[in-house]
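Enquirer: model this:
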Amino acid sequence: MLLYRHSGIFLLTLLLPCGIDSSDDTGVCADGVCGVGGTSSTLERIRERRRQQELGYPSSSSASSSAAAVRFTTDEAAAAAAIPRITTLTDDNIRQLNQFFTDTEVTHNMHQIIQENNIQYMYSVLEQRPEFAHVRDAKGQGPMWWAHQYGRMEFIQLFKMHAVSEGLRDIDGFTPLDLYGNSGKTTLVDLFRKSTSKSKESMDDDITEEERWTKLKPSDLPPPYLFRDWSNTTVNIVDDDDDVTTIKVATGSIAQPGTDKYYSTFDMLPGIIPRETIASVLDLLRGQKGDGSTSLPLDEDPDTVDGMPTQEIFLDNDGLRSGESSKGGQPEDLPRRKVLRSSIRKLLDPILYDKLTPYIRQRFSERCGNEVAGRACTPCYSLIRRYRAGERISHAPHHDGHSFVTVVVSLSDYGREYRGGLYVTPQFHQRNYLALSRGDAVVHQSDLFHGVQVLENVTLDVDENGHQLTAPERWSWILWFRDSDTCQDNSQSWHTKCALTGNPTCQLLHARTRVDEKDVLHWNQLASDSGHGAASFKLARAYLKLLPSSLSYDRQKAMDLFQRAVDTTNEPDGHYGLAGLYLEEVSSKREGGDDPLMKALIHLEKAALARHPFAMFNMGIAHLYGYGYPNNTNNPDIAGQWLEACGLPEGIYLRSLQMNALGKKQEADDYLKQATILGHGSPIREAARKHTGSGGAGGVDLNLIWPISSFGNRPDKV
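Expert: Residues are numbered from 1 along each chain as shown. Just a heads-up that it's a prediction; the model follows:
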């Protein structure tokens, strides 16, 4: 390690020439990337950088190296350029960099880039010189302080990627969080601290119905409705040894979206797993600490439905059966997980193969029974997933398009350990929750529209020992069956027959398996014509060129289709799409009749009523920036409630900033921890969010195009 001095300024760096043998613990070079520190950790960082680039994280190709050097042209910068680059910083390097408080040309230019909000430029700078993220000026402040000062969310996320802490203090004892929004303009902190003199809540009763939109709070959302329309029976099942077992079955059905002609059915098998077996499984998963942690870390990769951390562990899938990791190239502790998986499977496999599989083959005997050669229903994927207050609590509504039959077994008690949980959704998107207790299994096919929402801030029942949980937690064992002895994907044929009969849900699902674009458009159009709101929503986005298609851009057709989605099924994504188009009218100053801003707000409210997470987030933004309020007024209290209720890491992070602005440090830390657990600041989270959208269709943007508010500012992108 060498300490360079230039013009009285110390610059800390490590000399590491490329070409060091990767077996040497002092460093590693790969593909022109040189790192410092232990070989294994450096290789992991290199792999992580590659994964980020594959997900679209900007690299040096997004801005030329010459452009990145434009601001650093002084004598001091020239000296810095001569210092070997530190492409991978160790914790020790970072600690030593943070000991030097000095005004330099580098600190000046970094501050200016942040002030000008030139995020792409900063990407390029840090791609070449990542140590610049850790520089500190004479006040002890650095890029993370300035990013908070100007409320630059994208910069904050970028600096977190480079391991810059929000907990460091400057010479006056201030952390970056303490400076948030202190730039001399109306900022987030100002908005969070405002005391509105006359918000819509306190207005007289002579306001119009449209003006009353600001009264809606998360606490006004419909309470959980429990599904109770069960028909009960018993079924005798025969296992491979010809042993007969009688099991109880409760069958339910619910109208599919867009029609009262077609129904999705589902079965509930109460107590299919003994409670003592579940207790043993949970002991294996939780370990001995009893603090909400797990014996081994759960997966945190983005969920393919909503981009949230999965919080799961696979017990069986294609990768594991071939001796590889459970999720392709994603690293995992295979030796320890192998022991855990084996222990859990010893407890659950007898239930799977002696009860569940025989029941499913008998229940769906015409399509995947034992007599159908090569097409017997087979459990191809098995995993355990957790939802917990303060972490992930939801799974956006969806169809299991990859599964011929799905089984969800509750490992938690409704009322005692959680409320809410698994819900099924008919037309108009009312949520019908299934009150599942330990050992209860739900069996359904891919036509069932369903999701998960574990409710926070609820009172849980006292158990038999007088204990009461304070943090709701729901564990479930999930099985995906395919109609193939070898787990072959036959999904292209699953919905053909019912699609031809005119079933709009089958037409939508059939469209998803088509390869030819004309077929995709044809079946989505049929589903839309038959009243399926999700199909209308997809077509609308295709006309806006937000989904790949040969359709010509047509804003009016898109608006008509969004409206059709709203009219036929009260589709939340349809409301959100209309809100976005009306906000574009405001921002582009399009001529129109009624106030497009108020129309946008009303559609956001209706989407939020259906718990659309992106709409709920933007409800928080609207209340915070005072959209729809009299000039220079807002309601930060309601804003904070919506930002928290949306459950998104971006909203939880803003909630932490609000608590910090109000001087509630502990609450701020708690929200910040939750946001971090949910992936805030990770480029993988951002890429996954853009890929999955709100769960209804990929590419739906969380950042709406808001106009300039009456405070003279507009929301930064998150």
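
Enquirer: pull the number of nearby residues for A579.
Expert: Other residues within reach of A579, judged by other C-beta atoms under 10 Å, total 28. Quick note: C-beta positions are derived from backbone N, CA and C, even for glycine.

Enquirer: element containing it?
Expert: Counting by DSSP states H and E, the element that carries A579 is helix 572-587.

Enquirer: state the next helix or strand along the chain beyond that helix.
Expert: Downstream of helix 572-587, the first helix or strand assigned by DSSP H and E is helix 596-609.

Enquirer: what helices or strands is that following helix leaning on?
Expert: Secondary-structure packing of helix 596-609 (3 or more C-beta pairs under 8 Å, 6 or more residues apart in numbering; DSSP states H and E): helix 572-587, helix 613-625.

Enquirer: for these, which one sits closest to V408?
Expert: Distance to V408, taken as C-beta to C-beta, is lowest for helix 613-625 among the helices and strands packed on helix 596-609, at 21.3 Å.

Enquirer: residues of the following helix or strand past the closest one that come out buried?
Expert: Counting by DSSP H and E, the element after helix 613-625 in chain order, helix or strand, is helix 636-645. For helix 636-645, a neighbour-count test (16 or more other C-beta atoms under 10 Å) marks 636, 638-645 as buried.

Enquirer: for these, which one is nearest K690?
Expert: L643 (19.7 Å).

Enquirer: show me which positions of the strand or helix carrying I114 end up buried.
Expert: Using DSSP H and E, I114 sits in helix 105-115. Neighbour-count burial for helix 105-115, counted by 16+ other C-beta under 10 Å, picks out 105-107, 109-111, 113-114.

Enquirer: what does stretch 398-418 give?
Expert: Applying a neighbour-count criterion of 16+ other C-beta under 10 Å, one finds 398-400, 403-414, 416-418 buried in stretch 398-418.

Enquirer: ok so, going back, send me the helix holding I114 as CSV with only the CA atoms.
Expert: Extracted in CSV, the C-alpha atoms of helix 105-115 (Å, rounded to 0.1, in the frame of the first residue of the first chain):
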residue,chain,number,x,y,z
GLU,A,105,-10.4,18.7,-7.5
VAL,A,106,-11.9,15.2,-7.4
THR,A,107,-14.2,16.0,-4.5
HIS,A,108,-15.2,19.3,-6.2
ASN,A,109,-16.0,17.5,-9.5
MET,A,110,-17.9,14.6,-7.9
HIS,A,111,-20.0,17.1,-6.1
GLN,A,112,-20.8,18.9,-9.3
ILE,A,113,-21.8,15.8,-11.2
ILE,A,114,-24.2,14.9,-8.4
GLN,A,115,-25.6,18.5,-8.3
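
Enquirer: now the following helix or strand past that helix, how far from the chain's geometric center?
Expert: Counting by DSSP H and E, the next helix or strand C-terminal to helix 105-115 is helix 119-128. Put simply, helix 119-128 sits 26 Å off its chain's centre (C-alpha atoms, centre = their mean, to the nearest Å).

Enquirer: C-alpha coordinates for the helix or strand just after helix 119-128, CSV please?
Expert: Proceeding N to C from helix 119-128, the next assigned helix or strand is helix 143-149, under DSSP H and E. Output of helix 143-149 as CSV, limited to C-alpha atoms (Å, rounded to 0.1, in the frame of the first residue of the first chain):
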residue,chain,number,x,y,z
PRO,A,143,-20.6,11.6,-2.6
MET,A,144,-23.1,9.9,-0.4
TRP,A,145,-23.7,13.1,1.6
TRP,A,146,-24.2,15.1,-1.6
ALA,A,147,-26.5,12.5,-3.1
HIS,A,148,-28.7,12.8,0.0
GLN,A,149,-28.4,16.6,0.1
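
Enquirer: these two touch, right, S231 and T251?
Expert: Yes. When contacts are counted by C-beta atoms under 8 Å, S231 is listed as touching T251 (5.2 Å).

Enquirer: those two: who's more crowded?
Expert: Neighbour tally, S231 and T251, criterion other C-beta under 10 Å: the higher count belongs to T251, 14 against 9.

Enquirer: give me the pLDDT for that one.
Expert: On pLDDT, T251 comes in at 97.

Enquirer: quick one: strands adjacent to the stretch of helix or strand it belongs to?
Expert: T251 belongs to strand 244-255 when assigned by DSSP H and E. Sheet pairing of strand 244-255 (DSSP bridges) gives strand 231-238 (antiparallel), strand 263-269 (antiparallel).

Enquirer: what residues sit buried inside the lengthiest helix in the chain?
Expert: Counting by DSSP state H, the longest helix found in the chain is helix 334-351. Buried residues in helix 334-351, counting neighbours by 16+ other C-beta under 10 Å, are found at 337, 340-341, 344, 347-348, 351.

Enquirer: E644 and G651, how far apart?
Expert: 7 Å (C-beta to C-beta, to the nearest Å).
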